[in-house]
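> What follows is a predicted protein model with its sequence.
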2 protein chains.
Amino acid sequence: MAGLAVDGVQRVVLHPEDDPLALACGRTLAPVEVAFTTHGTLDATRSNAVFVCHALTGDAEPAGPDGWWDVMVGPGRPVDTDRFFVICPNLLGGCQGTTGPSSIDPRTGAAHGLRFPPLAVSDLVAVHRRLLAHLGIERLHAAIGGSLGGMQVLQWLLDAPGEIANAVMVCTSPRLTAQNLALSAVARRAILDDPDFCGGDYAAHGVRPDRGLAFARRLAHVTYLSEEGMARKFARAEPPGWEREGDGARWLGPAYDVEGYLEHQAEAFLARFDALTYLYLTRIMDAFDPLGPAARVDPAARALCLSFTSDWRFGPEHGRRLAAGLRAAGAGTVVEELVDSPWGHDSFLLAVPDYLEIVRDFLSSGST
Amino acid sequence: MAGLAVDGVQRVVLHPEDDPLALACGRTLAPVEVAFTTHGTLDATRSNAVFVCHALTGDAEPAGPDGWWDVMVGPGRPVDTDRFFVICPNLLGGCQGTTGPSSIDPRTGAAHGLRFPPLAVSDLVAVHRRLLAHLGIERLHAAIGGSLGGMQVLQWLLDAPGEIANAVMVCTSPRLTAQNLALSAVARRAILDDPDFCGGDYAAHGVRPDRGLAFARRLAHVTYLSEEGMARKFARAEPPGWEREGDGARWLGPAYDVEGYLEHQAEAFLARFDALTYLYLTRIMDAFDPLGPAARVDPAARALCLSFTSDWRFGPEHGRRLAAGLRAAGAGTVVEELVDSPWGHDSFLLAVPDYLEIVRDFLSSGST
């Protein structure tokens, strides 16, 4: 397993042409290649593995100064890479090295586009579990994720009782509300309506639906922050006299701090993300609803359900429903935490001290 | 004043070429034509006039089955047209008969487009007051409006102390938050980036930025409702088996009730509204901030500041700041009401019993 010590992103084909992935929609997919990183060292009993599931726009690198979850994963962090063997893949449908709708279909030599099959969270988990088998690991000390990442942890608890000893689900939901559905639909529609979307075959036309993807990102950023968080983050003042020049075009352009912020975030996002992946991953969340009456989890599994007070994407009520659903599904230990933070849904990516301490304590006290 | 009894929308040029409107931005505008309706009869002492200020997407007809505020204005309604003489114009910058950015500039024979001057709420109020003078009315029993309509009432209180005896401001704000600014910026950017916007000259090109305007409307509808309101309004269930067909394009299309609702609302909006007006009127709200230290109102004026519990566009905190600002500005009577409603910002247009009763009582008890 020397390969496990290698730093940087590794790639592995988990489903070759002759061993396709059977999807929830009824179709199959192959090849399925996965990009992932590992940090730390797997112990002799293979009992210290922690699986990190990323959210909508994450990738395979959570740790380090350029990692998307540096506050959570690394030496001395709550997910301590001096103690745990940490695995983090880019998820199925992604655009950061793992097979997704913009990957080349070897049968056609072109990007899949909308011919890529519909996905479900259970498909993402199936690929995670195949990666785990590839690494020779049978049981996880912990799986952890926020938002869509937490949905994968929940699905995993249900699909493979006994495989996760400690499950950490941060600001996630067992079932989207109509408002959640609506916000995602508005963002997707902006991408689908972009003339440069070309029915999903934009790569073949040498263009990108950047306008639509930028709208989606601007909207998402507003919904990831709280009203209080934005008020703290941005000065309200406009450039003095900006409206008195009498120029309609200039008057309508970005003028307030928050407008410049949204433009910057949109541009940075375009440089690293793909529109088809945005469509597919948001749609996966819409249909997620795994805690039916038949849902069962391993009674020995410990679950942490953590929400943030100012999160209005997957807020406290989502966390309460998640915890209640896990108890109803037979979970023996469900720790429900509500952390006070003004930073909204984004809080799960930020250095919120109480939040990090709670996760650290939960993972440290968890027996394997 | 026989004309005042005429039903239906009337039009009057309030600022002809030789008497242009002086705007806050320093430019002038002429001609300024205003579309307005009146309901009821002006009494002998001209003391029963009530001025209705509409919000972002309203028009000059608040009453009747097709009126935008039928729950509030009409015979026996809180704004009782059997008792009051009710005046409601389409506002400056609008697209329902009053001069706006898509009106024809007689000097060029083409629509103003982005050459139309930047506007401020004080400009809207200046035109309201000119209409009042045209009707031979010196003092209002009341002025009433919600959202942007309430901003006009507030500005009017400050610009013309003594002209309004009773001011009703519903779910409005004296100053937008960074989140308010951001949501409006996202919507405007969708319109500005629509290839069919043509730099504001879409009419000359025989096209309309319908994609951008539809995006703005979809987003607005999500923000006008609350999470609870949407949950009550829409079933969550998707068409059975819809995701199992394996068709990516169909899977991504509208499937949930709330998605169909947003599409319907967007289409209906495109049939009646104009993109340039949407840009101008939202930008006017961004800069609104009239309650500075120098602000003064008539101590004799009575003010009702009403908010709704579930409104997260201009919620209770906005109402509290408005009431506090009016008291600081010298208002003698400030009635502050918070009404419990699950319908979010939209509540001000709906038959919420407590809300309508409060407005009825306030207007009935108000001396002129």
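Good, I have the coordinates.

> any weak-confidence spans in chain A?
Along chain A, segments meeting pLDDT under 70 span A:1-7, A:237-245, A:366-368.

> per-domain residue ranges of it.
A:10-177+A:290-365, A:179-284 (automatic domain parsing).

> mind listing what the spatially most central residue of chain A touches?
When Cα atoms, centre = their mean is applied to chain A, the residue found nearest the centroid is residue A:55 (0.7 Å). By Cβ atoms under 8 Å, 6 or more residues apart in numbering or on different chains, the contact set of residue A:55 is A:145-149, A:348. (Each C-beta comes from the backbone N, C-alpha and C, glycine too.)

> Out of the residues you listed, which sit inside strands?
Those of the contacts of residue A:55 mapping onto strands are A:145-146, per DSSP state E.

> Most neighbours among the contacts of residue A:55, please name it.
Ranked by neighbour count (other Cβ atoms under 10 Å in any protein chain shown), those have residue A:348 at the top, with 30 neighbours.

> Hmm, residue A:171 and it touching each other?
Yes - if you go by Cβ atoms under 8 Å, residue A:348 and residue A:171 touch, sitting 5.0 Å apart.

> Could you check how far stretch A:163-176 is from the centre of its chain?
Its chain's average C-alpha position is 12 Å from that of stretch A:163-176, according to Cα atoms, centre = their mean, to the nearest Å.

> now stretch A:162-175
Remark: stretch A:162-175 is offset 13 Å from the chain centroid, using Cα atoms, centre = their mean.

> Over to stretch A:195-209?
Worked out by Cα atoms, centre = their mean, stretch A:195-209 lies 25 Å from the chain centre.

> repeat for stretch A:251-262
Relative to its parent chain, stretch A:251-262 has a centroid offset of 28 Å by Cα atoms, centre = their mean.

> do you know how far residue A:193 is from residue B:209?
Applying Cβ to Cβ, to the nearest Å, the value for residue A:193 to residue B:209 is 11 Å.

> out of these two, which sits in the busier spot?
Comparing residue A:193 with residue B:209 by other Cβ under 10 Å, the one with more neighbours is residue B:209, at 26 against 19.

> Measure how buried the closest residue to that one other than its chain neighbours is and give me the count.
Distances taken as Cβ to Cβ, 6 or more residues apart in numbering or on different chains place residue B:194 nearest to residue B:209, at 3.6 Å, with adjacent residues excluded. Applying other Cβ under 10 Å, we find 25 residues neighbouring residue B:194.

> pretty sure residue B:194 is touching residue B:212, no?
Yes - using Cβ under 8 Å, residue B:194 is in contact with residue B:212, at 3.3 Å.

> shared neighbours of these two, which are they?
Common neighbours of residue B:194 and residue B:212 (Cβ under 8 Å, 6+ apart) are residue B:275.

> Distance from stretch A:83-101 to the middle of the chain?
Distance, centroid of stretch A:83-101 to centroid of chain: 10 Å (Cα atoms, centre = their mean).

> does any part of it sit near chain B?
Yes - counting by Cβ under 8 Å from any Cβ of the partner chain, chain B has neighbours in stretch A:83-101: residue A:101.

> Pull that stretch out as CSV, backbone CA atoms only.
C-alpha atoms of stretch A:83-101 as CSV (Å, rounded to 0.1, in the frame of the first residue of the first chain):
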residue,chain,number,x,y,z
ARG,A,83,-3.6,10.3,13.6
PHE,A,84,-6.1,9.4,10.8
PHE,A,85,-5.6,8.1,7.3
VAL,A,86,-7.8,10.5,5.4
ILE,A,87,-9.3,9.7,2.0
CYS,A,88,-11.0,12.3,-0.2
PRO,A,89,-12.2,11.7,-3.8
ASN,A,90,-13.7,14.0,-6.3
LEU,A,91,-17.3,12.6,-6.5
LEU,A,92,-19.0,10.9,-9.4
GLY,A,93,-20.4,13.5,-11.8
GLY,A,94,-17.7,15.9,-10.8
CYS,A,95,-15.3,17.9,-12.9
GLN,A,96,-12.0,17.7,-10.9
GLY,A,97,-10.6,14.4,-12.2
THR,A,98,-13.5,12.0,-11.6
THR,A,99,-15.8,10.8,-14.4
GLY,A,100,-18.6,13.3,-15.0
PRO,A,101,-20.9,14.6,-17.7
